[in-house]
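Colleague: Next come a sequence and a model predicted from it.
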Amino acid sequence: EEAARKGATAAIIVHETEPASYGWDVVKNSWSGAQSDLVREDGGADRADLEGWVTRAMAEKLFASAGLDFEAMKTAAKTRGFKPVPLSGLKATGEIVQTIEKLDSRNVIGVLPGTTAPDEYMLYTAHWDHLGKKTGKKTGAPGEDFYEDQIYNGAVDNATGVSALLELAEAFAAEPHERSLLFVSVTLEESGLLGSEYFAEHPTVPLNKIVAGINMDGALPVGRTHDMVVIGYGASELEDRLTDILKADNRVIKPDGKPEAGYFYRSDHISLAKRGVPMLYADGGEDKLEGGIAAGKAAAAAYTAERYHKPMDEYSDDWDLSGFAEDIQALYAVGEGIADSADWPTWYPANEFEAARKESLGAQ
């Protein structure tokens, strides 16, 4: 988006495993084959003409052929005042051959009307889509791209979030609440957060009437933990509420360990956040009751290496859902406290989304 705003003809991402927090195989699995986008008013004219990816190794070769060192230029680009440097002697050409087909997908939305403030909403979101089916040669080595069938099941990513959404809806439906509850299961998250972006552009209720929201995406079934990890820690007063709730159970919240990976900008809540709606994205913890932090990190690393965006992201009867259940109960308590109050939790002062919220509420 930023490259297009700057007038770039093409935008090429240099993939690096460590900052992206996933390998090149995830890029191939996620972005090969047919791709989806929203039907935009300008037909996509505001986008760069070509968007793509290269490996770091390929980028290093390209820079070297122009007499430049990739790592040195990357470091220089982090400096305020950096100016673009031409890759002298290099010329890029590209051709796109494609067909365009218009398809319909669905966001699935449920509402529980409130008793005293039905026009104010507590929101829960989770994406229901994944990557479809894979074609190509099967391999069998763990850590590569092993699988038993060609279906990208998305059991963790994001059947866990959808399951949580349904459980929360059922629990909230068991008794009345002062404010309305809004449950939105969005489509096409894996294609670039398209379902949540569409909902944010065409909301079924005014965005300035959504008091706060909680997003659920990819909870690992690692068992009970001492903590919950808040993605984008330090953003809003919703974290204070979660802190108090966890404290009652002798648990704590922790910041995500890799803020540089930008996870807060990589799931559906960002579509609402950038329009001002305070959003909480709290995931399962990594400090396991049995095995501690080392065991939690090992489980996360194994999932990323062997199952994330691969057909082996499958449900197994040996999943330990005890921690998952505790986390959902905590997220229920956060929402219940908002749904049965007149509170309007907001972004922390100077947060990048605070101004959008103030402007939105000023329009009430």
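Modeller: Okay, I see it. What you are looking at is a predicted structure, and each value in this text was computed from that prediction instead of being measured.
Colleague: what about the helices in the stretch 1-150 of the chain?
Modeller: For the stretch 1-150 of the chain, the helices defined by DSSP state H, counting those that start in this stretch occupy 2-5, 17-20, 24-31, 56-65, 70-77.
Colleague: Could you tell me the least trusted of those helices?
Modeller: Looking over the helices of the stretch 1-150 of the chain, mean pLDDT reaches its minimum on helix 24-31, with a mean of 83.
Colleague: Return the set of buried residues in that helix.
Modeller: Neighbour-count burial for helix 24-31 flags 24-27, 29-31 (criterion: 16 or more other CB atoms under 10 Å). Quick note: C-beta positions are derived from backbone N, CA and C, even for glycine.
Colleague: Run a quick neighbour tally on the nearest residue to G67 once chain neighbours are set aside.
Modeller: Leaving aside its sequence neighbours, G67 sits nearest to S88 (CB to CB, 6 or more residues apart in numbering; 6.9 Å). For S88, the number of neighbouring residues by other CB atoms under 10 Å comes to 9.
Colleague: same deal with G291?
Modeller: Count around G291 with other CB under 10 Å applied: 15.
Colleague: and if you look at the one 10 residues further on?
Modeller: Look at A301: counted by other CB under 10 Å, it has 10 neighbours.
Colleague: helix or strand for it, which one?
Modeller: Using DSSP states H and E, A301 maps to helix 292-306.
Colleague: Helix 24-31 and that helix, what's the angle between them?
Modeller: 60 degrees (axes from the mean of the first three to the mean of the last three CA atoms, to 10 degrees).
Colleague: Can you list the neighbours in contact with helix 292-306?
Modeller: 21-23, 142-143, 146, 156, 220, 222, 225, 285-288, 312-313 (CB atoms under 8 Å, 6 or more residues apart in numbering).
Colleague: got the buried residues for it?
Modeller: For helix 292-306, by 16+ other CB under 10 Å, it's 293, 295-296, 299-300, 303-306.
Colleague: Apart from its chain neighbours, what residue comes closest to R357?
Modeller: Closest to R357 by CB to CB, 6+ apart is G276, at 3.6 Å.
Colleague: Find the residue at the geometric middle of this protein.
Modeller: Using CA atoms, centre = their mean, the residue of the chain that lies closest to the mean C-alpha position is S267, 1.6 Å off.
Colleague: doesn't V229 make contact with E286?
Modeller: Yes. E286 is in contact with V229 according to CB atoms under 8 Å; the separation is 6.6 Å.
Colleague: per-residue pLDDT, N208?
Modeller: For N208, the model assigns a pLDDT of 97.
Colleague: repeat for E190
Modeller: E190 is given a pLDDT of 92.
Colleague: Can you report how many residues neighbour it?
Modeller: 21.
Colleague: can I assume it is in contact with S30?
Modeller: Yes. Assessed by CB under 8 Å, E190 is found in contact with S30 at 6.6 Å.
Colleague: can you list residues touching both of those two?
Modeller: 131, 309.
Colleague: so what's E237 up against?
Modeller: Counted by CB under 8 Å, 6+ apart, E237 has contacts 278, 345-348.
Colleague: Of those residues, just say which sits nearest to H202.
Modeller: H202 has its nearest neighbour among those in P278, at 20.5 Å by CB to CB.
Colleague: I'd like the distance from that closest one to I231, if you could.
Modeller: 14 Å (CB to CB, to the nearest Å).
Colleague: Of those two, which one has the most company?
Modeller: When neighbours are counted by other CB under 10 Å, P278 and I231 differ, and P278 comes out ahead with 27 against 24.
Colleague: for the more buried one, what are its contacts?
Modeller: When contacts are counted by CB under 8 Å, 6+ apart, P278 touches 211-213, 235-238, 345-347, 353, 357.
Colleague: related to what we said a few turns ago, show me whatever sits in contact with both of E286 and V229.
Modeller: By CB under 8 Å, 6+ apart, the residues touching both E286 and V229 are 254, 257.
Colleague: Return the residue of this protein that is most distant from the centre.
Modeller: Largest centre distance within the chain, by CA atoms, centre = their mean: G89, 39.0 Å.
Colleague: Could you tell me the model confidence score at that one?
Modeller: G89 is given a pLDDT of 92.
Colleague: hang on, isn't it packed against L68?
Modeller: No. Contact criterion CB under 8 Å: G89 and L68 do not qualify, at 10.5 Å.
Colleague: which stretches of the protein have low pLDDT?
Modeller: 136-148, 363-364 (pLDDT under 70).
Colleague: now V205, nearest residue through space, not along the chain?
Modeller: Per CB to CB, 6+ apart, closest to V205 is Y121, 5.7 Å.
Colleague: All good on my end, thank you.
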